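> This is the structure alone, sequence omitted:
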């Protein structure tokens, strides 16, 4: 039974997290965001993570219900210690604080450390956009990316996200790694037995490789821009590392024992600069201008960041979410171990 | 006489701008920053711009001595109307206001519109870094970059700069276009009669081209990431466009009659998040870790953003700055037209 409705997967993940010791509210949030990733087409950040998170809870790397501590705070900034709660719970709280501070002080900037995997950054920047604000987010994690010209991983994939409210058009949301690709994409190729395109990774000797396995045997992902202008992606990766790894107190990607994410979040109150309605109508105009411009030979259309995800979401909401056999078996195993009646949970409406 | 000391060029540019009607203080600042670009090796942003700026003054596109107006202001933000002053003068003032606001409110965010060319963004982010703050800057200009999959220019090269203070290491400063290359690089190739590398530009039909002239005949520069992952550079370019073109009220790159730069500047007070000394020592550690990691086959060493510029500066401070014959002749022509005694200015010590 490899295809599920989003609601089924949400229910299942929630019950598993609750059984693993998570408060209902946290279990619901984390499950909602994981399934949202599946809907958006980013399966690497979807229910496959249930397996990892349950293990992390059992090993004490996630502490469900952890109390988030505001370590330091000013009118427009805050530093949060997550105490190893779910990354999603801590990051959402961090952006909520950022939005509140932006309402009072134009721009709210919040960093957080000691938190587990936050999932997709777009979830938090969209929270700002839905509040008529500009959302910015960056995160660091364990090392997997080589500096430009280097052969060893030193930085993380350094994701960065921007979200902007719009008028009649769909929200404009960007969520990208500053490396050529996210680690999850290499893992997907590894599992499917496919080769990587040129210019994605190097092996442990620093030589170009198309074999995804080489990444996990001492290799590294290359920074955005590849061999010719990879110093650009490297520079952006360094900036993300400093803001989300150093300024956040989370520690750098290369530090031994590095775990979880460090995050840097910002909410910008548009009204402090211009009328929100005017901002939205200008963004609409930008989006329409881009979309109505002439595609290049070989391209059917021009898509806006966030648009492919929305299309996949609309399709998968209708047709369901495919969960690979192996992933499903592992989730089944977890449910069984926790004495959850999987078929009852799935079939309940 | 094509090689000059920095001081000679600064003197010459200052006298030309003063003769063109600029207040001494503005003439000095603009000349200093132009020559600093030459020293850093970015000749496209160096004294060659004297020609363009003088023309802009004569055509009323730069209004020397323009009064900068604070259109709107909160404790942590400001929106400035430059009234078509020198971009350098307005952007420097904007970052100074940002730094002042960050001192009082943790993060200072300043947008500016109606200003001419600001030159290199690093000049303003470094100002923040020298004040023990993190500096962030973005700018938009006229359209020259195609969206990912598009054949027409819609966005500008969307430069972005980050600068971070350090302890014992050199300041960490990034200043890059979010397109594969800056427009100036294409122009340099055009003037030198050289071809562009693959993946830099497309011609007016949207087909790949190596001929720099194609950019100026309806072609476009490609976003960072090229054909495979150019949606990343495109997304970053859109974010820069929104923050520096829309939020700033400067107008989008594609709007007809677009001139000058729109800017988005931010100063972040490190002390609101952690001890500045600890931050600096961690940045030092990051830089050393990157630099001491193993280079790839084909690379001699790993350089940090800002490092190549420092090396060139040290070399050119010693050996002088080469000004191409054609540029020099045009500057000579301007000096003559303004009744300036060029050889006296140059030879004065």
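Noted; the coordinates are in hand. None of the values given here were measured: they were computed from a predicted structure. Numbers count the residues shown, from 1 in each chain, chains lettered A, B, ... in the order given.
> now the strands: where do they sit in the stretch 151-300 of chain A?
Taking DSSP state E, counting those that start in this stretch as the test, the strands found in the stretch 151-300 of chain A are A:160-164, A:172-176, A:201-202, A:208-209, A:220-221, A:261-269.
> Buried deepest among those strands, which one?
Mean neighbour count (mean count of other CB atoms under 10 Å in any protein chain shown) peaks for strand A:261-269 among those, with a mean of 29. Every C-beta, even on glycine, is put in place using the N, C-alpha and C of the backbone.
> re earlier: and of the strands of the stretch 151-300 of chain A, who's closest to residue A:236?
Each of those has some distance to residue A:236 by CB to CB; the shortest is strand A:160-164, at 7.1 Å.
> So is the closest one next to chain B?
Yes: interface with chain B: strand A:160-164 contributes A:160, A:162, A:164 (CB under 8 Å from any CB of the partner chain).
> just stretch A:114-122 next, same as before
No: counting by CB under 8 Å from any CB, chain B is not contacted by stretch A:114-122; separation bottoms out at 11.2 Å.
> Can you give the distance from that stretch to the centre of its chain?
6 Å (CA atoms, centre = their mean, to the nearest Å).
> coming back round to it: now render the residues of strand A:160-164 next to chain B as TSV, adding pLDDT and distance to residue B:317.
Converted to TSV, the residues of strand A:160-164 next to chain B look like this (pLDDT from 0 to 100; distance: CB to CB, whole Å):
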residue	pLDDT	distance to residue B:317
A:160	98	35
A:162	98	39
A:164	98	43
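> which of these lies closest to chain B?
Among the residues of strand A:160-164 next to chain B, residue A:162 lies closest to chain B (CB to the nearest CB), at 4.1 Å.
> Does that closest one touch residue A:138 like I think?
No: contact criterion CB atoms under 8 Å: residue A:162 and residue A:138 do not qualify, at 10.1 Å.
> so what pLDDT did the residue nearest to residue A:251 when sequence neighbours are not counted get?
Leaving aside its chain neighbours, residue A:251 sits nearest to residue A:258 (5.6 Å; criterion: CB to CB, 6 or more residues apart in numbering or on different chains). Model confidence at residue A:258, given as pLDDT, is 92.
> Next, count neighbours for residue A:258.
18 (other CB atoms under 10 Å in any protein chain shown).
> And for residue A:197?
By other CB under 10 Å, 13 other residues sit near residue A:197.
> Could you pull up the residues touching the closest residue to it other than its chain neighbours?
Nearest residue to residue A:197 in three dimensions, chain neighbours excluded: residue B:228, at 6.1 Å (CB to CB, 6+ apart). With contact taken as CB atoms under 8 Å, 6 or more residues apart in numbering or on different chains, residue B:228 is in contact with A:180, A:197, A:199.
> per-residue pLDDT, residue B:228?
At residue B:228, pLDDT is 89.
> now it: how far from residue B:160?
Remark: distance between residue B:228 and residue B:160 (CB to CB, to the nearest Å) = 21 Å.
> cool, and residue A:150?
Counting by CB to CB, the separation of residue A:150 from residue B:160 is 22 Å.
> try residue A:236
Distance, residue A:236 to residue B:160, using CB to CB: 8 Å.
> Give the intersection of the neighbour lists for these two.
Common neighbours of residue A:236 and residue B:160, counting by CB under 8 Å, 6+ apart, are B:174, B:176, B:236.
> tell me which of those residues is nearest to chain A?
Here the nearest of those to chain A, counting by CB to the nearest CB, is residue B:174; it sits at 3.8 Å.
> and the closest one, what does it touch?
Here residue B:174 is in contact with A:235-236, A:238-239, B:122, B:160-163, B:305-306 (criterion: CB under 8 Å, 6+ apart).
> Relative to its centre, which residue of chain A is most distant?
In terms of distance from the mean C-alpha position of chain A, residue A:297 ranks first, at 32.2 Å (CA atoms, centre = their mean).
> which one is residue A:51 nearest to, not counting chain neighbours?
Excluding its sequence neighbours, the residue lying closest to residue A:51 (CB to CB, 6+ apart) is residue A:330, at 4.9 Å.
> Sticking with that neighbour, tell me its helix or strand.
Using DSSP states H and E, the element containing residue A:330 is helix A:325-337.
> tell me the angle of the top helix by length along chain A relative to strand A:261-269?
The longest helix of chain A (DSSP state H) is helix A:87-105. Using axes from the mean of the first three to the mean of the last three CA atoms, to 10 degrees, the direction of helix A:87-105 lies 30 degrees away from that of strand A:261-269.
> can you pull the buried residues of helix A:87-105?
Using 16 or more other CB atoms under 10 Å in any protein chain shown as the test for burial, helix A:87-105 gives A:87-99, A:101-103, A:105.
> just these that are near chain B?
Counting by CB under 8 Å from any CB, residue A:105 from the buried residues of helix A:87-105 sit close to chain B.
> What ranges does the stretch 151-300 of chain A have for its helices?
Taking DSSP state H, counting those that start in this stretch as the test, the helices found in the stretch 151-300 of chain A are A:183-192, A:226-241, A:276-291.
> Identify all contacting residues around the shortest one.
When you say that, I think you mean helix A:183-192. With CB under 8 Å, 6+ apart, helix A:183-192 has contacts from A:42-45, A:144, A:157, A:195-196, A:200-201, A:212-213, A:215-216, A:221, A:324, A:326.
> could you redo the last one with a cut-off of 7 Å?
A:44-45, A:144, A:157, A:196, A:201, A:212-213, A:215, A:221 (CB atoms under 7 Å, 6 or more residues apart in numbering or on different chains).
> from those residues, which two are the most distant?
Farthest pair in the contacts of helix A:183-192, by CB to CB: A:45 and A:213, 21.6 Å.
> sec struct for the residue positioned nearest the centre of chain A, please.
Centrality entry for chain A: nearest residue to the mean C-alpha point is residue A:120, 1.7 Å, by CA atoms, centre = their mean. Classification of residue A:120 using DSSP: H, G, I helix; E, B strand; the rest coil returns coil.
> And it, how far from residue A:177?
In terms of CB to CB, residue A:120 sits 11 Å off from residue A:177.
> Same check on residue A:87?
16 Å.
> For residue A:74, give me its contacts.
B:106, B:272.
> same thing but at 10 Å, please
A:101, A:105, A:109, B:76, B:104-107, B:269, B:271-273 (CB atoms under 10 Å, 6 or more residues apart in numbering or on different chains).
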